[in-house]
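Asks: structure for the following, please:
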Amino acid sequence: MSASPTRPSPRTDAAPMAFTFREFARGACVAWVWFLLFSTLASTAIFHWGALIALMYAVPWSLAALLIGSPLAYGLGRVMRSIASVPGHLVVFTAFGAVVGIGTTTIAFTAPWSDLSGDGMSAVSVPAVAMWIAATVAVPLGWRFTSKRALRGDAAELGVASPA
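Replies: The predicted structure is shown next:
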């Protein structure tokens, strides 16, 4: 079986941080997995629940956040594709993760139809803040994992040292 031809990199001098949809999807999925890991660890530590119970709450809420937040993250990435600064991207995606985390957690802990709203916890309780932090950290980790992989692939294709 022959190897598939390599696709040209979407990154150019004018758009050094451009990305493909596949790269974006990879980053979003990696961020989601990081969130599930962090939120499960935090929930288990706070409540002494088993990981399965923590995931029972985290998976549906975070999946909804992933589906709703992904188009916004994609648009944000497209706007920032001409900015080569890795720290700049990390700051922006950390802020984005915080906004998504705060928004999702606030809805989860206050909506009358939410299983979590009846537990007497508020949107600023220790568990809610733990979820905010989990999202704030997970989003830039997903971005960084994917950007490093993409930039390393570009460098290997060109035969130069990776800039990231």
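Asks: show me where the chain has helices.
Replies: 21-47, 51-79, 86-110, 126-158 (DSSP state H).
Asks: can you give me how far the third one is from the chain middle?
Replies: Spelled out, it's helix 86-110. Distance of helix 86-110 from its chain centroid, counting by Cα atoms, centre = their mean, to the nearest Å, is 9 Å.
Asks: tell me the buried residues in that helix?
Replies: For helix 86-110, the neighbour count (16 or more other Cβ atoms under 10 Å) marks 86, 89-90, 92-94, 96-109 as buried. Yep, even glycine has a C-beta here, placed from its N, CA and C like the rest.
Asks: list the helices and strands that helix packs on?
Replies: helix 51-79, helix 126-158 (3 or more Cβ pairs under 8 Å, 6 or more residues apart in numbering; DSSP states H and E).
Asks: what's the mean pLDDT across that helix?
Replies: Across helix 86-110, pLDDT averages out at 93.
Asks: between helix 21-47 and it, find me the angle.
Replies: Inter-element angle recorded for helix 86-110 and helix 21-47: 50 degrees (by axes from the mean of the first three to the mean of the last three Cα atoms, to 10 degrees).
Asks: can you pull out the low-pLDDT segments for the chain?
Replies: Within the chain, the segments meeting pLDDT under 70 span 1-6, 114-124, 158-164.
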